[in-house]
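J.: structural data only, the sequence is not supplied:
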(Lines give C-alpha, C1' and ligand atoms only; values in the text may rest on other atoms or scores of the structure.)
Protein backbone atom coordinates (compact mmCIF):
# COMPACT_ATOMS: atom_id res chain seq x y z
CA UNK A 1 0.00 0.00 0.00
CA UNK A 2 2.63 2.52 1.07
CA UNK A 3 4.74 1.85 -2.01
CA UNK A 4 1.76 2.27 -4.34
CA UNK A 5 0.73 5.56 -2.74
CA UNK A 6 4.30 6.84 -3.05
CA UNK A 7 4.39 5.91 -6.74
CA UNK A 8 0.95 7.40 -7.42
CA UNK A 9 1.92 10.65 -5.71
CA UNK A 10 5.12 10.83 -7.72
CA UNK A 11 3.11 10.47 -10.95
CA UNK A 12 0.66 13.22 -9.94
CA UNK A 13 3.45 15.59 -8.92
CA UNK A 14 5.25 15.02 -12.22
CA UNK A 15 2.10 15.99 -14.13
CA UNK A 16 1.73 19.13 -12.03
CA UNK A 17 5.40 20.04 -12.49
CA UNK A 18 5.02 19.84 -16.27
CA UNK A 19 2.51 22.71 -16.12
CA UNK A 20 5.23 25.00 -14.72
CA UNK A 21 2.71 26.39 -12.24
CA UNK A 22 3.12 26.72 -8.48
CA UNK A 23 0.24 24.50 -7.33
CA UNK A 24 -0.74 23.42 -3.82
CA UNK A 25 -1.67 19.75 -3.83
CA UNK A 26 -4.32 18.81 -1.30
CA UNK A 27 -4.62 15.06 -0.75
CA UNK A 28 -8.28 14.19 -0.27
CA UNK A 29 -8.20 11.76 2.64
CA UNK A 30 -11.93 11.43 3.34
CA UNK A 31 -12.87 7.78 4.06
CA UNK A 32 -9.18 6.79 3.90
CA UNK A 33 -7.63 4.91 6.79
CA UNK A 34 -5.05 6.37 9.19
CA UNK A 35 -2.48 4.03 7.59
CA UNK A 36 -3.21 5.45 4.15
CA UNK A 37 -3.01 9.01 5.43
CA UNK A 38 0.29 8.28 7.17
CA UNK A 39 1.67 6.72 3.98
CA UNK A 40 0.75 9.83 1.97
CA UNK A 41 2.36 12.14 4.51
CA UNK A 42 5.50 9.98 4.56
CA UNK A 43 5.56 10.25 0.75
CA UNK A 44 5.58 14.05 0.93
CA UNK A 45 1.99 15.29 1.29
CA UNK A 46 1.83 18.47 3.40
CA UNK A 47 -1.88 19.32 3.02
CA UNK A 48 -4.89 17.05 3.48
CA UNK A 49 -8.61 17.51 2.92
CA UNK A 50 -11.38 15.90 4.95
CA UNK A 51 -15.14 16.02 4.42
CA UNK A 52 -16.59 15.40 7.86
CA UNK A 53 -15.60 16.93 11.19
CA UNK A 54 -16.29 13.87 13.32
CA UNK A 55 -14.50 11.43 11.00
CA UNK A 56 -11.53 13.77 10.71
CA UNK A 57 -11.24 14.30 14.45
CA UNK A 58 -11.04 10.56 15.13
CA UNK A 59 -8.62 10.02 12.26
CA UNK A 60 -6.32 12.82 13.44
CA UNK A 61 -6.14 11.17 16.86
CA UNK A 62 -5.07 7.90 15.23
CA UNK A 63 -2.56 9.52 12.86
CA UNK A 64 0.34 11.12 14.78
CA UNK A 65 1.96 12.24 11.52
CA UNK A 66 -0.80 14.84 10.94
CA UNK A 67 0.85 17.12 13.50
CA UNK A 68 2.22 20.03 11.46
CA UNK A 69 0.30 19.01 8.35
CA UNK A 70 -2.19 21.53 6.94
CA UNK A 71 -5.73 20.27 7.59
CA UNK A 72 -8.50 21.52 5.33
CA UNK A 73 -12.24 20.92 5.69
CA UNK A 74 -13.50 20.46 2.14
CA UNK A 75 -16.98 19.07 2.85
CA UNK A 76 -20.21 20.78 3.83
CA UNK A 77 -20.07 22.17 7.36
CA UNK A 78 -23.12 21.84 9.59
CA UNK A 79 -23.81 24.65 12.06
CA UNK A 80 -23.56 22.36 15.08
CA UNK A 81 -20.03 21.33 14.07
CA UNK A 82 -18.60 24.83 13.59
CA UNK A 83 -16.95 25.19 17.01
CA UNK A 84 -15.16 21.87 16.68
CA UNK A 85 -14.20 22.54 13.06
CA UNK A 86 -12.37 25.75 13.88
CA UNK A 87 -10.46 23.96 16.62
CA UNK A 88 -9.14 21.12 14.45
CA UNK A 89 -8.91 22.56 10.92
CA UNK A 90 -6.49 25.16 9.60
CA UNK A 91 -8.89 26.15 6.83
CA UNK A 92 -12.57 25.68 5.99
CA UNK A 93 -12.81 25.49 2.22
CA UNK A 94 -16.57 25.07 1.88
CA UNK A 95 -18.16 28.32 3.10
CA UNK A 96 -21.32 28.33 1.03
CA UNK A 97 -23.49 31.08 2.51
CA UNK A 98 -23.37 34.43 4.30
CA UNK A 99 -25.08 32.74 7.25
CA UNK A 100 -22.31 30.15 7.58
CA UNK A 101 -19.58 32.76 7.18
CA UNK A 102 -21.16 34.83 9.95
CA UNK A 103 -21.41 31.85 12.30
CA UNK A 104 -17.77 30.87 11.67
CA UNK A 105 -16.80 34.50 12.30
CA UNK A 106 -18.62 34.54 15.64
CA UNK A 107 -17.17 31.20 16.78
CA UNK A 108 -13.63 32.12 15.74
CA UNK A 109 -13.81 35.56 17.33
CA UNK A 110 -14.96 33.95 20.59
CA UNK A 111 -11.69 32.00 20.84
CA UNK A 112 -9.58 34.84 19.41
CA UNK A 113 -8.75 32.93 16.22
CA UNK A 114 -8.66 34.19 12.67
CA UNK A 115 -10.10 31.29 10.69
CA UNK A 116 -8.79 30.88 7.16
CA UNK A 117 -11.57 30.05 4.70
CA UNK A 118 -12.39 29.59 1.04
CA UNK A 119 -15.76 30.63 -0.38
CA UNK A 120 -17.48 27.86 -2.35
CA UNK A 121 -19.16 28.91 -5.59
CA UNK A 122 -21.56 26.74 -7.58
CA UNK A 123 -20.31 27.32 -11.12
CA UNK A 124 -22.50 24.65 -12.74
CA UNK A 125 -25.96 25.42 -11.29
CA UNK A 126 -26.26 21.74 -10.37
CA UNK A 127 -28.68 21.34 -7.46
CA UNK A 128 -26.51 18.57 -6.00
CA UNK A 129 -23.64 21.02 -5.48
CA UNK A 130 -23.46 23.63 -2.75
CA UNK A 131 -22.06 27.11 -2.88
CA UNK A 132 -22.90 30.71 -3.64
CA UNK A 133 -24.50 31.24 -7.05
CA UNK A 134 -22.56 33.03 -9.77
CA UNK A 135 -24.90 36.01 -9.27
CA UNK A 136 -24.05 36.35 -5.56
CA UNK A 137 -20.98 38.58 -5.83
CA UNK A 138 -22.44 41.19 -3.46
CA UNK A 139 -23.21 38.51 -0.88
CA UNK A 140 -19.70 37.10 -1.15
CA UNK A 141 -18.22 40.59 -0.75
CA UNK A 142 -20.35 41.03 2.39
CA UNK A 143 -18.40 38.17 3.99
CA UNK A 144 -15.14 40.13 3.74
CA UNK A 145 -16.41 42.47 6.46
CA UNK A 146 -16.76 39.74 9.08
CA UNK A 147 -14.15 39.69 11.83
CA UNK A 148 -12.48 36.43 12.77
CA UNK A 149 -12.21 35.06 9.24
CA UNK A 150 -9.67 35.51 6.48
CA UNK A 151 -11.05 34.77 3.02
CA UNK A 152 -8.09 33.37 1.09
CA UNK A 153 -9.85 32.42 -2.12
CA UNK A 154 -12.66 30.65 -3.95
CA UNK A 155 -13.42 26.97 -4.46
CA UNK A 156 -15.63 25.11 -6.90
CA UNK A 157 -16.42 21.56 -7.94
CA UNK A 158 -16.46 20.92 -11.68
CA UNK A 159 -19.46 19.47 -13.51
CA UNK A 160 -20.40 15.88 -12.80
CA UNK A 161 -20.37 14.98 -16.50
CA UNK A 162 -17.07 14.33 -18.23
CA UNK A 163 -17.40 16.94 -20.99
CA UNK A 164 -14.04 18.74 -20.88
CA UNK A 165 -15.39 21.93 -22.44
CA UNK A 166 -18.05 22.19 -19.73
CA UNK A 167 -15.43 21.66 -17.04
CA UNK A 168 -13.25 24.31 -18.64
CA UNK A 169 -16.14 26.78 -18.76
CA UNK A 170 -17.03 26.16 -15.11
CA UNK A 171 -13.45 26.93 -14.07
CA UNK A 172 -13.38 30.03 -16.29
CA UNK A 173 -16.51 31.27 -14.50
CA UNK A 174 -14.81 30.91 -11.12
CA UNK A 175 -11.78 32.83 -12.34
CA UNK A 176 -14.03 35.64 -13.59
CA UNK A 177 -15.80 35.90 -10.22
CA UNK A 178 -12.41 35.85 -8.48
CA UNK A 179 -11.11 38.77 -10.56
CA UNK A 180 -14.33 40.80 -10.17
CA UNK A 181 -14.37 40.44 -6.41
CA UNK A 182 -10.68 41.27 -6.03
CA UNK A 183 -11.31 44.53 -7.88
CA UNK A 184 -14.02 45.48 -5.38
CA UNK A 185 -12.36 44.66 -2.05
CA UNK A 186 -9.54 46.52 -0.32
CA UNK A 187 -6.03 45.52 -1.51
CA UNK A 188 -5.17 43.95 1.86
CA UNK A 189 -8.25 41.70 1.63
CA UNK A 190 -7.69 40.49 -1.93
CA UNK A 191 -7.77 36.73 -2.44
CA UNK A 192 -4.86 34.64 -3.69
CA UNK A 193 -6.25 31.12 -4.08
CA UNK A 194 -8.43 29.34 -6.62
CA UNK A 195 -9.18 25.77 -5.60
CA UNK A 196 -10.54 23.96 -8.64
CA UNK A 197 -9.80 20.60 -10.15
CA UNK A 198 -9.87 17.09 -8.73
CA UNK A 199 -8.55 13.70 -9.86
CA UNK A 200 -10.54 13.72 -13.10
CA UNK A 201 -9.98 17.33 -14.13
CA UNK A 202 -7.08 18.86 -12.19
CA UNK A 203 -5.05 19.63 -15.31
CA UNK A 204 -8.02 21.55 -16.73
CA UNK A 205 -8.27 23.43 -13.45
CA UNK A 206 -4.60 24.34 -13.59
CA UNK A 207 -4.92 25.49 -17.20
CA UNK A 208 -7.67 27.89 -16.12
CA UNK A 209 -5.74 29.42 -13.24
CA UNK A 210 -6.07 27.09 -10.25
CA UNK A 211 -3.55 27.61 -7.47
CA UNK A 212 -4.77 24.53 -5.61
CA UNK A 213 -6.08 21.09 -6.64
CA UNK A 214 -7.79 18.42 -4.54
CA UNK A 215 -6.77 14.87 -5.44
CA UNK A 216 -7.90 11.62 -3.86
CA UNK A 217 -8.28 8.56 -6.09
CA UNK A 218 -5.18 9.28 -8.20
CA UNK A 219 -3.14 9.07 -4.99
CA UNK A 220 -4.97 6.42 -3.00
CA UNK A 221 -6.70 4.41 -5.72
CA UNK A 222 -10.43 4.09 -6.29
CA UNK A 223 -12.57 3.73 -3.19
CA UNK A 224 -14.03 0.31 -2.58
CA UNK A 225 -17.77 0.16 -3.21
CA UNK A 226 -19.73 0.06 0.02
CA UNK A 227 -22.61 -2.31 0.49
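T.: In hand now; what should we look at? Here the structure is a predicted model, which is why all the values come from computation and not from measurement. Residues are numbered from 1 along each chain as shown.
J.: ok, which stretches of this protein are helices?
T.: 2-17, 34-42, 53-61, 82-88, 98-110, 137-143, 164-184, 202-207, 217-220 (DSSP state H).
J.: ok, now which ones touch the closest residue in space to residue 174 that isn't next to it in sequence?
T.: Distances taken as Cβ to Cβ, 6 or more residues apart in numbering place residue 156 nearest to residue 174, at 4.7 Å, with adjacent residues excluded. (Glycine included, C-beta is placed from N, CA and C.) For residue 156, the contact set (Cβ atoms under 8 Å, 6 or more residues apart in numbering) comprises 120-124, 131, 170-171, 173-174, 195-196.
J.: need the max-distance pair from those.
T.: Within the contacts of residue 156, 124 and 195 form the most distant pair, 15.3 Å apart (Cβ to Cβ).
J.: who has more neighbours out of these two?
T.: Neighbours were counted for residue 124 and for residue 195 using other Cβ atoms under 10 Å; residue 195 has more, 28 against 21.
J.: so, low pLDDT: which residues of the chain?
T.: Low-confidence segments of the chain (pLDDT under 70): 224-227.
J.: mean neighbour count and distance to residue 24 added to the helices of the chain, as a markdown table?
T.: Listed next are the helices of the chain as a markdown table, based on neighbours: other Cβ atoms under 10 Å; distance: least, Cβ to Cβ, whole Å:
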| stretch | mean neighbour count | distance to residue 24 |
| --- | --- | --- |
| helix 2-17 | 14 | 10 |
| helix 34-42 | 19 | 15 |
| helix 53-61 | 17 | 19 |
| helix 82-88 | 18 | 20 |
| helix 98-110 | 18 | 21 |
| helix 137-143 | 16 | 21 |
| helix 164-184 | 17 | 16 |
| helix 202-207 | 20 | 11 |
| helix 217-220 | 20 | 14 |
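J.: would you turn those helices into TSV with distance to residue 25?
T.: Formatted as TSV, the helices of the chain follow (distance: least, Cβ to Cβ, whole Å):
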stretch	distance to residue 25
helix 2-17	7
helix 34-42	10
helix 53-61	18
helix 82-88	21
helix 98-110	25
helix 137-143	26
helix 164-184	17
helix 202-207	9
helix 217-220	9
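J.: thanks a lot, catch you later.
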